[in-house]
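1. quick check, what structure comes out for this input:
(chains A, B and C)
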Amino acid sequence: MVYREEFHLMSNSGTPTFHNVTELAKNAVKNSNISNGIVVVYSHHTTCCVIIDECAFDMSMTGLETLQQDFVDVFEKIIPTFRTEGMYQHPGPKALKFGAEHDEDARSCHNTDAHLRSALVGRSETVVIMDGKLDMGEFGYIYFIDFDQTRARERTVQIQVIGE
Amino acid sequence: MVYREEFHLMSNSGTPTFHNVTELAKNAVKNSNISNGIVVVYSHHTTCCVIIDECAFDMSMTGLETLQQDFVDVFEKIIPTFRTEGMYQHPGPKALKFGAEHDEDARSCHNTDAHLRSALVGRSETVVIMDGKLDMGEFGYIYFIDFDQTRARERTVQIQVIGE
Amino acid sequence: MVYREEFHLMSNSGTPTFHNVTELAKNAVKNSNISNGIVVVYSHHTTCCVIIDECAFDMSMTGLETLQQDFVDVFEKIIPTFRTEGMYQHPGPKALKFGAEHDEDARSCHNTDAHLRSALVGRSETVVIMDGKLDMGEFGYIYFIDFDQTRARERTVQIQVIGE
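-> Numbers count the residues shown, from 1 in each chain, chains lettered A, B, ... in the order given. Next up is the predicted model:
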């Protein structure tokens, strides 16, 4: 059996956005009537990704939970935010032309850091379903991360449940 | 068809622990009577993860295989072991209070490196099953890694087989 | 329902190789007659991996697209190409002996960087299928990456479709 739900989330500008989609996934599994199998939480976008981590309770100065901020800070070291032209080879002249033809301004095309971070982390997480419940541990949460900081926009997350 | 097996593994303190779970996964696939599909090897815990890599034969001074040690050494550069208070923003005061209420001492709460490494690597690996066998290559092994070095503890790995 | 296709790809020497396998995956889904479910694009090899990213149009001096080159450059920082003996602990004497017994010359055994990069990125990507189509976004592509630069060789990619 296969069951899918799709959700639309609004991301911020100026910082990576973490959407807690745990309840959406739990509800989709409940609605699916699937007791045993897997649920795939999947990002439609190449600048977004999905991870599982704990709730951290405390907040950083940017409004992220501390553990989320620590995760972002790791990427600031290994794949820094695109702040200076020439930091990355992408976007080149053809990519900028293609972007302009698709209503992307030059600033929005310089989201290379988000593409690279998303590719490294991976587009989805798969969670085991046992006896109708996600095997998440007590304190585990599923986060949909939008690494694109260049502008606020609507994002799509897919929740695909497979099993019996 | 869906078939699941669950295993409990004992992790060490003081170093990341690599559990070779290849035989567990192969046996679960055999027990499932599923010939074609996928097997998801999944960590219940937010400080653990699953990878596939080769056997390296030679051992490092810490008792890990050399390729495992090289993997740990990469993380020592990009997400260093939590050795000095303030290295990471997590755990903050609320997280420490929450930990204390759940029988975690202050040292055990400072496992931020393990949370970040686990989120970056991913909680599971999916392996293709063809004609009743895992398509692993001759020398590929599945490792369940516990990155939490703060104390020895029991860990749970799920092996979910889906197919026909 | 489960449906699988297998493809063989030729990788270059001297640079990581990116194979665009998007059309292979789309065709496999079409051939499967599966309308809703997932497709797992999976690497048989422990030095290869699968990612999803955008087409970048512009090319770098090595013949990669700029976004692919930026991805490789990130790894050059965190898991550098094996250029000097002793950079990594693997391969040790037993691994070299094992390699020699399996027709690998000493140079080919020094592909530790590729093993580590592949383990970090992950061996597969899972894409949601809805109404017979991959939910890739307009500009998303699936790349099979061979990180092993030590010699040209044939590689195997599996495309496993599961659903109804």
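
2. was I right about A:Val21 contacting A:His8?
-> No: counting by Cβ atoms under 8 Å, A:Val21 sits too far from A:His8 to count as a contact (11.6 Å). Backbone N, C-alpha and C define where each C-beta goes, glycine included.

3. which of those two has more residues huddled nearby?
-> Neighbour count, other Cβ atoms under 10 Å in any protein chain shown: between A:Val21 and A:His8, A:Val21 has more, with 20 against 9.

4. separation between the more buried one and chain C?
-> 14 Å (Cβ to the nearest Cβ, to the nearest Å).

5. phi, psi for that residue please.
-> phi -110, psi 20 (degrees, to the nearest 10).

6. where does chain A come near chain B, residue by residue?
-> Contact residues (Cβ under 8 Å from any Cβ of the partner chain) of chain A with chain B: A:36-38, A:51-54, A:56-60, A:65-67, A:69-71, A:73-74, A:77-78, A:120-122, A:125-128, A:130, A:135-137, A:139-140, A:162-164.

7. any of the residues you listed buried? List them.
-> For the residues of chain A next to chain B, a neighbour count by 16 or more other Cβ atoms under 10 Å in any protein chain shown gives the buried set as A:36-38, A:51-54, A:56-58, A:60, A:65-67, A:69-71, A:74, A:78, A:120-122, A:125-128, A:130, A:135-137, A:140, A:162-163.

8. tell me which entries of the residues you listed lie within strands.
-> Judged by DSSP state E, the subset of those located in strands is A:37-38, A:51-54, A:125-128, A:130, A:140, A:162-163.

9. contacting residues for the nearest residue to A:Ile51 once chain neighbours are set aside?
-> Nearest non-adjacent residue to A:Ile51, counting by Cβ to Cβ, 6 or more residues apart in numbering or on different chains: B:Ala119, 4.4 Å away. Contacts for B:Ala119 (Cβ atoms under 8 Å, 6 or more residues apart in numbering or on different chains) come out as A:Ile51, A:Ile52, A:Asp53, A:Phe71, A:Val121, B:Thr46.

10. what's the answer for A:Val40, then?
-> Contacts of A:Val40 (Cβ under 8 Å, 6+ apart): A:Ser124, A:Glu125, A:Thr126, A:Gln158, A:Ile159, A:Gln160, A:Val161, A:Ile162, C:Ile38, C:Thr126, C:Val128.

11. for chain A, which residue gets nearest to chain B?
-> A:Asp58 (2.8 Å; Cβ to the nearest Cβ).

12. mind listing the helices for chain A?
-> For chain A, helices defined by DSSP state H occupy the ranges A:22-32, A:66-78, A:93-101, A:106-109, A:112-121.

13. mind listing what's buried in the fourth one?
-> Okay, so that is helix A:106-109. Across helix A:106-109, burial judged by 16+ other Cβ under 10 Å covers A:Cys109.

14. check stretch A:98-117 too.
-> Neighbour-count burial for stretch A:98-117 [16+ other Cβ under 10 Å]: A:Phe98, A:Gly99, A:Glu104, A:Cys109, A:His110, A:Asn111, A:Thr112, A:Asp113, A:Ala114, A:His115, A:Leu116, A:Arg117.

15. neighbours around the nearest residue to A:Val41 once chain neighbours are set aside, how many?
-> Distance criterion Cβ to Cβ, 6+ apart; nearest residue to A:Val41, sequence neighbours excluded, is A:Val50 at 4.9 Å. Number of residues near A:Val50 (other Cβ under 10 Å) recorded here: 26.

16. one more: the one 5 residues further on?
-> Other residues near A:Cys55 number 17, with proximity taken as other Cβ under 10 Å.

17. now chain A against chain C: closest residue?
-> For chain A, Cβ to the nearest Cβ, closest residue to chain C: A:Gly92, 2.8 Å.

18. leaving out chain neighbours, which residue sits closest to that residue?
-> Taking Cβ to Cβ, 6+ apart as the measure, A:Gly92 lies nearest to C:Asp58, with 2.8 Å between them; neighbours along the chain are not counted.

19. make TSV out of the helices of chain A and add distance to C:Thr17.
-> Converted to TSV, the helices of chain A look like this (distance: least, Cβ to Cβ, whole Å):
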stretch	distance to C:Thr17
helix A:22-32	35
helix A:66-78	23
helix A:93-101	21
helix A:106-109	26
helix A:112-121	16
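
20. let me have those helices in JSON lines, extended by mean pLDDT.
-> Below are the helices of chain A laid out as JSON lines (pLDDT from 0 to 100):
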{"stretch": "helix A:22-32", "mean pLDDT": "98"}
{"stretch": "helix A:66-78", "mean pLDDT": "98"}
{"stretch": "helix A:93-101", "mean pLDDT": "96"}
{"stretch": "helix A:106-109", "mean pLDDT": "94"}
{"stretch": "helix A:112-121", "mean pLDDT": "98"}
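
21. to A:Glu85, which of the ones you listed lies closest?
-> helix A:106-109 (9.5 Å; Cβ to Cβ).

22. now look at the closest one and say if it contacts chain C.
-> No: applying Cβ under 8 Å from any Cβ, one finds helix A:106-109 separated from chain C by no less than 10.6 Å.

23. contact partners of that helix?
-> Outside helix A:106-109, the residues that touch it by Cβ under 8 Å, 6+ apart are A:Pro91, A:Ala95, A:Leu96, A:Gly99, A:Ala100, A:Thr150, A:Arg151.

24. repeat that for 6 Å
-> Contacts with helix A:106-109, where a contact means Cβ atoms under 6 Å, 6 or more residues apart in numbering or on different chains, come from A:Pro91, A:Leu96, A:Gly99, A:Thr150, A:Arg151.

25. okay, now A:Lys26: neighbour count?
-> Counted with other Cβ under 10 Å, residues neighbouring A:Lys26 total 18.

26. and the residue of chain A closest to chain B, its phi and psi?
-> phi -80, psi 150.

27. so where's chain A shaky on pLDDT?
-> Across chain A, nothing is flagged by pLDDT under 70.

28. now the closest residue to A:Ser35 other than its chain neighbours: how far from B:Thr22?
-> Leaving aside its chain neighbours, A:Ser35 sits nearest to A:Gly132 (4.8 Å; criterion: Cβ to Cβ, 6+ apart). A:Gly132 is 30 Å from B:Thr22, where distance means Cβ to Cβ, to the nearest Å.

29. what does chain A put close to chain C?
-> For chain A, the contact set with chain C under Cβ under 6 Å from any Cβ of the partner chain comprises A:2, A:40, A:42, A:44, A:46, A:78-79, A:88-90, A:92, A:94-95, A:98, A:112, A:115-116, A:119, A:122-124, A:158, A:160.

30. what's around A:Ile68, how many residues?
-> Actually, residue A:68 is Gln. It isn't Ile. 26.

31. which residue packs closest to it, ignoring adjacent ones?
-> Nearest residue to A:Gln68 in three dimensions, chain neighbours excluded: A:Phe18, at 4.9 Å (Cβ to Cβ, 6+ apart).

32. show me what contacts the one you found?
-> So A:Phe18 contacts A:Gln68, A:Tyr143, A:Ile145 (Cβ under 6 Å, 6+ apart).

33. again, 8 Å this time
-> So A:Phe18 contacts A:Leu64, A:Glu65, A:Gln68, A:Tyr143, A:Phe144, A:Ile145 (Cβ under 8 Å, 6+ apart).

34. could you do A:Glu5 as well?
-> Each residue near A:Glu5 by Cβ under 8 Å, 6+ apart is listed here: A:Leu24, A:Asn27, A:Ala28, A:Asn31, A:Gln158, A:Ile159.

35. what's the answer for A:Gly137, then?
-> For A:Gly137, the contacting residues are B:His44, B:His45, B:Thr46, by Cβ under 8 Å, 6+ apart.
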